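> I need the structure of the sequence given here:
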Amino acid sequence: MRLIPILFVLTALVGCSGSLDRSLVGERAVGTLIPTSAITPVPTAPVASAVEPSPAAQVIPEHTPVQPSATPERASTQPSATPERAAVPPTATSERTLNQSTNVPTDIPLQPIATSARSDSHTAPWPPRIALRQIVSGFDRPLHITHAGDGSGRLFVVEKVGRIRVVRDGQILPEPFLDITDRVGSRANEQGLLSVAFHPRYRDNGLLFVNYTDNNGDTVISRFSAVGDRADASSEQIVLTIEQPFANHNGGLVLFGPDGMLYIGMGDGGGAGDPLGAGQDRWTLLGKILRINVETLPYTIPPDNPWADGSGGRQEVWIFGVRNPWRFSFDRATGDLFIADVGQNRLEEVHMLPAERSAGANLGWNIMEGNECFRRNDCDRSAFDLPIDVYPHSLGCSVTGGHVYRGAAFPTLQGVYVFGDFCSGRIWGLRSSVGGWERAELMQTKLRIATFGEDESGELYVAGYNNGVLYRIVVE
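As a prediction, this is how the structure comes out:
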């Protein structure tokens, strides 16, 4: 019987510790079944000390009570009997827009890579001056923002406890779009209803897919059907279940790619240093980004998946060597894939994989952390797809991936990858430049940033996990 330790998190915890129980990890698919090999455990990594997030330069407009629950920590978690600490309340003010703070220089070198032909010309001021414009408040620990692609203009906000709420014309609709709180296990910080993805032909078929942890703590990918502003909770068809050995590092994102395939982000299963060795083991679904075809159920394997024939790894695997890819996104203009992978002791990392070169990519975990060897100094960096940007835990402790801005409202933000950090509340912009990538701090907030999102036109949003407020990112 597998043991799941009780995991509680301090707000800015950056390391894991303790002897962790090991178990075999099983996957139960409605589709193709491939046996999972035994996984060789490896030693755990040393413990890192917690880092307090630095205060924001500006206050946050707050019109709703702070949710009394703890923060959804995606950096390493530490087993403890200490109760979870409540989210830090923001300061009230009559202002309704967050203004940009002074940029903070960093001492982390940018990773030199060849600039792709997709690079945008840089004639606009850098960095752009952004602000956060409040749209609506009242969410309960929002974890994901997206749209249905159906021309309705609605935004959908996923709440950790197991609900999806609809925002229409700047208002939250009274009834949830989907309520599956009865089957979602959300007690641990990294558990809950984690994301939703609408089928590319949602307008015609009304199908949507969700990623949640069930009452046993295991990952469930399910399909539901919807009409109008309500999804039918009784229409659930389970696509895939993946046993979780620990309560953290669940990944959590489901996302349709430009190719119409469903991509699923899976963490390494939890524990410090990847004790199950999942990141580099191609025969487990943990520590991977998966890619499956859900046009029909049971799902099928796309024939161009790297190990589609089952000879070199699980057929579902598209990318491996990730620790906890909490959020990733496709550039809607180029198809390039941006992956933000939460770090262990020192570094948070962002990867960019060109659309034509993402299949079979190895992002390095647990041999690499960021752009550095994790346990040994003599690792072969050339064997991995290194990040385009890293930052140290002095600037944050849990990266939250965002989106490349492709909207029309703010030309100075065009082509900039906007992302942030859950612990410090910083928001950065990342853009390609001659010979590499450059990062600039766009804003510092008091938000616990668990998610960014896009609307149908490519405008960007962010939500405060700690204050339940949805904001639109604007340029001043």
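
> Span of stretch 394-414 from start to end?
Stretch 394-414 has an end-to-end distance of 29 Å (C-alpha to C-alpha, to the nearest Å).

> now swap in stretch 200-217 and tell me
End-to-end distance for stretch 200-217, by C-alpha to C-alpha: 29 Å.

> my read: residue 136 touches residue 172, true?
Yes: proximity of residue 136 to residue 172 meets the contact threshold set by C-beta atoms under 8 Å, at 5.6 Å. C-beta coordinates here come from the backbone N, C-alpha and C atoms, glycine included.

> By mean pLDDT, flag the weakest helix or strand of this protein.
Ranked by mean pLDDT, DSSP states H and E, the weakest helix or strand in the chain is strand 78-79, scoring a mean of 32.

> and residue 334, how far is that from residue 430?
14 Å (C-beta to C-beta, to the nearest Å).

> the more surrounded of the two?
When neighbours are counted by other C-beta atoms under 10 Å, residue 334 and residue 430 differ, and residue 430 comes out ahead with 21 against 18.

> Return the residues in contact with residue 366.
Residue 366 is in contact with 42, 268, 273-274, 277, 279-280, 323, 344, 374-375, counting by C-beta atoms under 8 Å, 6 or more residues apart in numbering.

> Make a markdown table from those and add secondary structure and neighbour count to it.
Output for those, formatted as a markdown table (DSSP: H, G, I helix; E, B strand; the rest coil; neighbours: other C-beta atoms under 10 Å):
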| residue | secondary structure | neighbour count |
| --- | --- | --- |
| 42 | coil | 16 |
| 268 | coil | 32 |
| 273 | coil | 24 |
| 274 | coil | 29 |
| 277 | coil | 19 |
| 279 | coil | 29 |
| 280 | coil | 17 |
| 323 | coil | 29 |
| 344 | coil | 25 |
| 374 | coil | 23 |
| 375 | coil | 14 |
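
> From those, which shows the smallest pLDDT?
The lowest pLDDT within the contacts of residue 366 belongs to residue 42, with 29.

> can you pull out the strands in the stretch 101-250 of the chain?
Assigned by DSSP state E, counting those that start in this stretch, the stretch 101-250 of the chain shows strands spanning 130-137, 142-146, 155-159, 163-168, 171-172, 178-179, 193-198, 207-213, 219-227, 230-231, 237-242.

> Tell me which of the ones you listed lies nearest to residue 413.
strand 130-137 (7.4 Å; C-beta to C-beta).

> partners of that closest one, with directions?
Within its sheet, strand 130-137 is paired with strand 97-98 (antiparallel), strand 469-475 (antiparallel), according to DSSP bridges.

> Return the longest one as CSV; C-alpha atoms alone will do.
Okay, so that is strand 469-475. C-alpha atoms of strand 469-475 as CSV (Å, rounded to 0.1, in the frame of the first residue of the first chain):
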residue,chain,number,x,y,z
VAL,A,469,-9.4,38.9,-7.8
LEU,A,470,-9.2,38.6,-11.6
TYR,A,471,-7.1,41.4,-13.3
ARG,A,472,-6.4,42.3,-16.9
ILE,A,473,-2.8,43.1,-17.8
VAL,A,474,-2.7,46.5,-19.5
VAL,A,475,0.1,48.8,-20.7
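
> Return the distance of that strand from the chain's centre.
Using C-alpha atoms, centre = their mean, to the nearest Å, the distance from the centre of strand 469-475 to the centre of the chain it belongs to is 19 Å.

> Give me the average confidence score over it.
The model assigns strand 469-475 a mean pLDDT of 98.

> got it, and stretch 148-159?
Stretch 148-159 carries an average pLDDT of 98.

> So for stretch 162-182, what gets flagged as buried?
For stretch 162-182, burial by neighbour count (16 or more other C-beta atoms under 10 Å) applies to 162-167, 172, 176-180.

> what's the first-to-last distance across it?
Stretch 162-182 has an end-to-end distance of 8 Å (C-alpha to C-alpha).

> do stretch 411-429 as well
End-to-end span of stretch 411-429 (C-alpha to C-alpha): 14 Å.

> What of stretch 348-367?
The first residue of stretch 348-367 is 15 Å away from its last residue (C-alpha to C-alpha).

> Return the distance of that stretch from the chain's centre.
With C-alpha atoms, centre = their mean as the basis, stretch 348-367 stands 15 Å off its chain's centre.

> same question, stretch 156-168
16 Å.

> Use 56 as the first number for this chain going forward.
All set: I'll call the first residue 56, so the last point we hit is now stretch 211-223.

> you'd agree residue 359 is in a helix?
No: using DSSP: H, G, I helix; E, B strand; the rest coil, the secondary structure at residue 359 is coil, not a helix.

> if I read this right, it contacts residue 415, doesn't it?
No: Residue 359 is beyond contact range of residue 415, at 10.3 Å (criterion: C-beta under 8 Å).

> In terms of neighbours, single out the busier of these two.
More crowded of residue 359 and residue 415, by other C-beta under 10 Å: residue 415, with 16 against 11.

> how much space is there between the residue nearest to the more buried one when sequence neighbours are not counted and residue 372?
If the residues on either side of it in the chain are set aside, residue 415 comes closest to residue 361, at 3.7 Å by C-beta to C-beta, 6 or more residues apart in numbering. Residue 361 sits 7 Å away from residue 372 when distances are taken as C-beta to C-beta.

> repeat for residue 486
30 Å.

> so where is this structure shaky, pLDDT-wise?
Scanning the chain with the threshold set as pLDDT under 70 gives 56-177.

> try 50
Applying pLDDT under 50 to the chain flags residues 56-81, 84-172.

> Residue 199 versus the residue nearest to the spatial centre of it, what's the distance?
Nearest to the geometric centre of the chain sits residue 382, at 1.9 Å (C-alpha atoms, centre = their mean). Plainly put, residue 382 is 8 Å away from residue 199 if you go by C-beta to C-beta.

> hmm, back to that, neighbour count for residue 486 and residue 372, which is higher?
residue 372 (26 against 21).
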